[in-house]
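A.B. asks: A predicted structure for the sequence below; I have some questions about it.
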Amino acid sequence: MLTFIEARSIILNSVRPVGTERVMLLDAIGRILADEIKAPWDMPLWNNSAMDGYAVRSEDCQTSVTLRVTGYIPAGATDTCIVDPGCTVRIMTGAPIPPGADAVVPFEETEEGEQFIKIHSQVKKGQHIRFAGEDVKAGDTVLAAGTVIAPPGISMLASLGSAFVPVYRKARVAILSTGDELVELGGQVSAGQIINSNTLSLAAAVREIGCEPVIIGIARDNRASHQQLLREGLNADALITSAGVSAGDRDLVREVLAELGVQQLFWKVDIKPGRPTAFGLNAGKPVFSLPGNPVSTMMTFEEFVRPALLKMMGRKRVIKPTVKAALKEDVRKKTGRLHLLRVRLEAGSDGYQASVFGDQSTGILRTMVQADGFAFLPPEKGFFAKGELVDVHVLNRDFEMEEG
Ligand SMILES: Nc1nc2c(c(=O)[nH]1)N[C@H]1C(S)=C(S)[C@@H](COP(=O)(O)OP(=O)(O)OC[C@H]3O[C@@H](n4cnc5c(N)ncnc54)[C@H](O)[C@@H]3O)O[C@H]1N2
Ligand code: MOO
């Protein structure tokens, strides 16, 4: 059977970015830049003051000096005035440095009179001036292709006049649940039935990473229903199904996918949970068949589907960060399979600690709701002592934030 790493590699080697589009700058937040952005001009465009104060000629100010105030330049001024020897000009932060001046003295370092000011400290040439091009030079690459666009990137693009930005398109991801026992949220739940939560957890997970979920519905446990809805799902950029992939009598997903031309690349991975996971390609588009237990569905999404979808949207870093964490208690497991345990994390001065705090059965949703990460317990070992370091995939970093 395939190992976890082998299965994930097959998936990641099979997917490609879905394509690009241009969006308005504000809509680019959180998206991935598709082309590098070069600066069309210097930033700042001209030498300007970094302080509210006086623009001076530094050579005049090597000892205590009195200077005549001959002008005033606010930010945004278009006409400027020359600073002659023995003179100074009042200047505001962001205003252009006037000809003649080569330094700025902040108000606090002057003694201000009506028409004269006194400066007692020595002034260095260039002090408190922001020079043209000191931040960015025309032609510099300011954002590389593949950058996740965050507010600082938006600021840079706005400053350089980019109203529209080339980004990777959002992948459209079809989601199909399967099973006769399922009822849609809001419907009447009779004996033997359960609410279709997988569609919603998957749609939420898909949306959380910036893809567009396309909810296909529920395929019932017969061939015709599977054929109709799987075919519909195959129109999207990717298809995720849940349930119907293990050894049950009515586990039809793989069979019908094969009939529809999907080439299966693997079925079954040596992990717990998630063993019945299958993966295939339909004309280059990925098809993920995840096990139906809601916990297994979400864990296999996190570990197999999420990295693939991120790659399809142009992301380079797609695998969750791994930290080493010390187990807070002894843990036993069967040997033979890689086990992914839902753990809570604590960050202390000695590093991370992981507690296996709840029932790890795949039927227990509550443990999933409270987990900060998945601890990876390797196949060959059956006992892990308290204090032993294990690899943990961090689900989110909220546990490291402080209460306010
Ligand atoms: N003989 C074997 N039996 C099972 C195996 C096996 O290898 N051999 N694997 C077990 C494992 S592990 C898992 S996981 C499950 C997964 O099987 P399926 O993917 O075929 O899923 P189902 O059996 O249809 O459903 C499992 C479970 O999840 C509930 N479910 C399904 N869909 C949804 C949904 N959309 N929303 C909420 N809950 C859902 C379903 O009612 C079942 O309780 O198979 C084991 N058996
Ligand atoms: O692999 Mo199943 O996914 O153990 O619950």
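C.D. replies: Done, it's in. Since the structure is predicted, the reported quantities are computational estimates derived from the model, not experimental observations. Residues are numbered from 1 along each chain as shown. Ligands and ions are numbered 1, 2, ... in the order given.
A.B. asks: and the helix or strand A308 falls within, what does it pack against?
C.D. replies: A308 belongs to helix 306-312 when assigned by DSSP states H and E. Under the contact criterion of 3 or more Cβ pairs under 8 Å, 6 or more residues apart in numbering; DSSP states H and E, the helices and strands touching helix 306-312 comprise helix 4-14, strand 238-242, strand 285-290. Using the backbone N, CA and C atoms, a C-beta is placed for each residue, glycine as well.
A.B. asks: could you rerun that using 7 Å?
C.D. replies: Packing partners of helix 306-312 (3 or more Cβ pairs under 7 Å, 6 or more residues apart in numbering; DSSP states H and E): helix 4-14.
A.B. asks: does ligand 2 have contacts with the helix it packs on?
C.D. replies: No - with Cβ under 6 Å from any ligand atom as the criterion, ligand 2 is not reached by helix 4-14; the gap is at least 12.0 Å.
A.B. asks: show the average pLDDT along that helix.
C.D. replies: The predicted model assigns helix 4-14 a mean pLDDT of 98.
A.B. asks: what's the answer for stretch 291-303, then?
C.D. replies: 97.
A.B. asks: can you list the buried residues in it?
C.D. replies: 291-303 (16 or more other Cβ atoms under 10 Å).
A.B. asks: likewise for stretch 155-170?
C.D. replies: By 16+ other Cβ under 10 Å, the buried positions in stretch 155-170 come out as M156, L157, S159, L160, S162, V165, P166, V167, Y168, R169, K170.
A.B. asks: tabulate these (JSON lines), appending distance to D251 and pLDDT.
C.D. replies: What follows is those, written out as JSON lines (distance: Cβ to Cβ, whole Å; pLDDT from 0 to 100):
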{"residue": "M156", "distance to D251": "51", "pLDDT": "98"}
{"residue": "L157", "distance to D251": "49", "pLDDT": "98"}
{"residue": "S159", "distance to D251": "56", "pLDDT": "97"}
{"residue": "L160", "distance to D251": "55", "pLDDT": "97"}
{"residue": "S162", "distance to D251": "50", "pLDDT": "97"}
{"residue": "V165", "distance to D251": "45", "pLDDT": "98"}
{"residue": "P166", "distance to D251": "43", "pLDDT": "98"}
{"residue": "V167", "distance to D251": "39", "pLDDT": "98"}
{"residue": "Y168", "distance to D251": "35", "pLDDT": "97"}
{"residue": "R169", "distance to D251": "33", "pLDDT": "97"}
{"residue": "K170", "distance to D251": "31", "pLDDT": "97"}
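A.B. asks: of all those, which comes closest to V123?
C.D. replies: S159 (29.7 Å; Cβ to Cβ).
A.B. asks: need the contact list for the closest one.
C.D. replies: Residues in contact with S159 (Cβ atoms under 7 Å, 6 or more residues apart in numbering) are M43.
A.B. asks: now A28: closest residue in space, sequence neighbours ignored.
C.D. replies: Nearest non-adjacent residue to A28, counting by Cβ to Cβ, 6 or more residues apart in numbering: V165, 4.3 Å away.
A.B. asks: sorry, back to before: of the buried residues of stretch 291-303, list those near ligand 2.
C.D. replies: P291, N293, S296.
A.B. asks: next, give phi and psi for the second one.
C.D. replies: As for N293, its main-chain torsions (degrees, to the nearest 10) stand at phi -60, psi 120.
A.B. asks: so what touches stretch 185-199?
C.D. replies: The contact list for stretch 185-199, computed with Cβ under 7 Å, 6+ apart, reads 175, 177, 181-184, 200, 215, 218, 242, 292, 294, 297.
A.B. asks: how about that stretch and ligand 2, any contact?
C.D. replies: No - judged by Cβ under 6 Å from any ligand atom, stretch 185-199 and ligand 2 are separated, with a smallest distance of 12.1 Å.
A.B. asks: sweet, I'm off.
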